[in-house]
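> Predicted structure and sequence below. I'll ask about it afterward.
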Amino acid sequence: MLLAILSDTHMPKGDRALPAACVERCRAADLILHAGDFMREEILFELQSYGEVVAVHGNVDEAGLRRDLPAERIVELPGGVRIAMTHDAGPGQGRLERMQRRFPTAHALVFGHSHMPLHATDPATGFQLFNPGSPTERRRAPRHTMGIGRVADGAVAFELITLD
């Protein structure tokens with residue numbers, strides 16, 4: 001199973017649009033995960049035109065998104081893989097351990113908020129943190145990014161994709 005993973009799209013804003021390489025990966029994916037901060041509902045609808053979307057709301061999302069999307073969730077995928085999702089995973093210090101305690105049945109957590117790509121794994125448990133960064137608003141990150149995930153044999157492997 002192929003996942004396209006996004007967060008912090010922050011659209012519409014000026015002439016901002018999802019990069020063509022991002023759209024291509026979303027269309028090719030079996031499932032799109034979005035970790036919040038769409039900003040407006042029409043961006044969720046745009047993503048849904050590319051494929052099935054599972055999402056959480058972020059701190060800048062309009063009222064309709066906050067009403068319709070949970071703040072956190074766990075996605076059950078083939079092979080028993082469980083990916084937790086939330087927008088803000090809190091401070092970097094102790095995040096990996098804190099998120100393992102918060103989502104004890106999950107294999108991984110996908111989150112956003114910082115716009116800073118991150119992939120970290122606990123070597124003892126295999127629990128992973130993955131922040132795909134932002135395809136549209138990089139802020140302090142050096143590049144616009146998104147992620148992909150490959151689910152196979154009861155595990156998920158994440159990869160950060162640079163879009164520019």
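Thanks, I have the structure now. Numbers count the residues shown, from 1 in each chain.

> Am I right that residue 39 is in contact with residue 10?
Yes: assessed by C-beta atoms under 8 Å, residue 39 is found in contact with residue 10 at 5.1 Å. The way it works is simple: take the backbone N, C-alpha and C, and place the C-beta from them, glycine included.

> Could you tell me which residues touch both of the two?
Counting by C-beta atoms under 8 Å, 6 or more residues apart in numbering, the common neighbours of residue 39 and residue 10 are residue 60.

> What pairs with the helix or strand where residue 148 lies, parallel or antiparallel?
Residue 148 belongs to strand 145-152 when assigned by DSSP states H and E. Pairing partners of strand 145-152, with direction, according to DSSP bridges: strand 2-6 (antiparallel), strand 155-162 (antiparallel).

> Export it to CSV, keeping only CA atoms.
C-alpha atoms of strand 145-152 as CSV (Å, rounded to 0.1, in the frame of the first residue of the first chain):
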residue,chain,number,x,y,z
THR,A,145,8.5,18.6,1.2
MET,A,146,5.9,15.9,1.6
GLY,A,147,6.2,12.2,2.5
ILE,A,148,5.4,8.8,1.2
GLY,A,149,4.8,5.7,3.2
ARG,A,150,5.0,2.1,2.0
VAL,A,151,3.0,-0.4,4.0
ALA,A,152,4.0,-4.1,3.5
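
> Cool, thanks, talk later.
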